[in-house]
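Asks: could you work out the structure for the sequence below:
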Amino acid sequence: MGAEQRHAGGRPRSFDEGQALDEALDVFWRLGYEGASLAELTQAMGINKPSMYAVFGSKEQLFVRALGRYSQRYHDHLRQVLSKPRAYDILESYLRDTAKAVRAGNALGCLSIQGGISCGPNNARIPQLLAEYRHGIEVAIAKALAGADDAPHNDTEALAGFAVTIGKGLAVDAAAGVEQARLDAAVDVALAGLAMLLGSSLRTDDADGRSRERTATTL
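Replies: Residues are numbered from 1 along each chain as shown. Modelled structure (predicted):
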């Protein structure tokens, strides 16, 4: 989608609105909502402040638009991540994917954490928006678990909440520079507990590299 920025003298220049939102998203991710100044945002977006206000309305509305764009793309990806037949596989796929994602891209961690886990009273809506975003992930995971071939008797909302809570911890650790191996190890521990709870079969490797299955005991 295109938009117009006016040069001095009133001559319009088109710019890519989607790309501008992506650049703003990167700034919000790296610096947080309150840490991202209008000067840094507009410089990254390649537009001036009047154009930013004309097209996006305000800094908060810019954040809302950027978060909406990010959320749509992530949920498109999440549907693929969660498209597994068994409950354990769904949770494993989500956690493995999250452990890799929080160390990928231009900024470590997760937008929903770095973007503004807390803000001052004047920006109280931002943490709420990010909490709603994280809740949407929980809802998607719970729905996938409920539709699994072996839909668990456990509370699917609680299982989804647990997975997202682990994901948030991974994001915090990644932002602090924790290496991939340690994130993966944390996921291994979480999955071992989930396997015990769900009674799933785990695939492990013998010393000689051959795969074998180990069935966990249901609690």
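
Asks: if you count neighbours, what's buried in stretch 62-73?
Replies: Buried residues in stretch 62-73, counting neighbours by 16 or more other CB atoms under 10 Å, are found at 62-67, 69-71. Any C-beta I mention is one placed from the backbone N, CA and C, and that applies to glycine too.

Asks: Gln19: which of those is nearest?
Replies: Nearest to Gln19 among these is Arg69, at 10.6 Å by CB to CB.

Asks: wait, Arg182 sits on Asp173?
Replies: Yes. Look at Arg182 against Asp173 with CB atoms under 8 Å: they come within range, at 7.2 Å.

Asks: with neighbour numbers in mind, choose between those two.
Replies: Asp173 (19 against 13; other CB atoms under 10 Å).

Asks: and the gap between the residue nearest to Asp173 when sequence neighbours are not counted and Gln128?
Replies: When the adjacent residues along the chain are set aside, Asp173 lies closest to Leu183, with 6.2 Å between them (CB to CB, 6 or more residues apart in numbering). Counting by CB to CB, to the nearest Å, the gap from Leu183 to Gln128 is 28 Å.

Asks: out of the two, which sits in the more crowded spot?
Replies: Taking neighbours as other CB under 10 Å, Leu183 and Gln128 compare with Leu183 leading, 22 against 11.

Asks: so who does the more buried one touch?
Replies: 99, 102-103, 170, 173-174 (CB atoms under 8 Å, 6 or more residues apart in numbering).
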